[in-house]
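Q: Build me a model from this:
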Amino acid sequence: MSLSQQGVKPEHSRQSIRQQVRLLRQQLTAATRDKAAAELAERITHNRDLMAKQHFALYLANDAELSTEPLIQVLWQAGKAIYLPVLHPFCPGYLLFLRYDKTTKMQPNRFGIPEPRLNCANIMPVAALDIVFTPLVAFDGSGNRLGMGGGFYDRTLSQLPANSPCQVIGLAHNCQQVANIPTASWDIPLQQLITPANYFDFR
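A: As a prediction, the model looks like this:
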């Protein structure tokens, strides 16, 4: 059940929405999370438009986010190039995207999330990516995205030119949809969003 169905109203603050949706997400059972991850992978790999692309930025799940592990495996099997976010070492608040494969050496970042070790040869400029799959805490029916509050994706994706072919697609559990997210001037809205049960196109 989404928060919109539980009576959470638009005037609730962003932080209140963030806290409540994170709690809903954390309460999902392991079996439910595994099923959702498998359904997500199946939904994406059956989408011909998405599977025609080559360069995919993904994330490794944290804090009960929708897992991308099955999706990464099937994209690798399909010969796709995968990239993971790395905290920018020189520009605080920004992300770099580094190539990720089965031999990539990983290390925890300051949030304890595994990321590829920095290697300039493996960096892919965000504008050169075909698809950026973003994690999120909550979303609404207008494509507004609420993250963890650090603004990393908003700052990084703001570098994309207006006519960029790079597609920004949110990934979320079904329960992360809310009635309305109060927006801020720096928010980058989603173009598309995929849950295990639904595909949303906000373009």
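
Q: What does the residue nearest the centre of the chain show for phi and psi?
A: Centre of the chain computed as the mean C-alpha position; nearest residue by Cα atoms, centre = their mean is residue 134, 1.8 Å away. The phi and psi values for residue 134, taken as degrees, to the nearest 10, are phi -110, psi 140.

Q: Which pLDDT does the model give it?
A: Residue 134 is assigned 96 on the pLDDT scale.

Q: Show me what it is bridged to.
A: residue 170 (DSSP bridges).

Q: Can we start the residue count at 687 from this point?
A: Sure, I'll start counting at 687 from here, so that last one is residue 820.

Q: quick one: contacts for it?
A: Contact partners of residue 820, counting by Cβ atoms under 8 Å, 6 or more residues apart in numbering, are 745, 831, 833, 839, 843, 854, 855, 856, 857, 876. Backbone N, C-alpha and C define where each C-beta goes, glycine included.

Q: What ranges does the protein have for its strands?
A: Listed in chain order, the strands of the chain (DSSP state E) span 741-743, 767-773, 781-786, 792-794, 800-802, 817-820, 824-825, 831-832, 853-857, 878-880, 885-887.

Q: which parts of the last one are buried?
A: If you call a residue buried by 16 or more other Cβ atoms under 10 Å, then strand 885-887 has these buried ones: residue 886.

Q: wait, residue 779 sits on residue 835?
A: No - the criterion here is Cβ atoms under 8 Å, and residue 779 misses it with residue 835 at 11.7 Å.

Q: for this protein, what's the longest helix?
A: helix 716-731 (DSSP state H).

Q: So which bits of it are buried?
A: So helix 716-731, judged by 16+ other Cβ under 10 Å, has buried residues 719, 722, 723, 724, 725, 726, 727, 729, 730, 731.

Q: what bridges to residue 773?
A: Counting by DSSP bridges, the residues bridging with residue 773 are residue 781.
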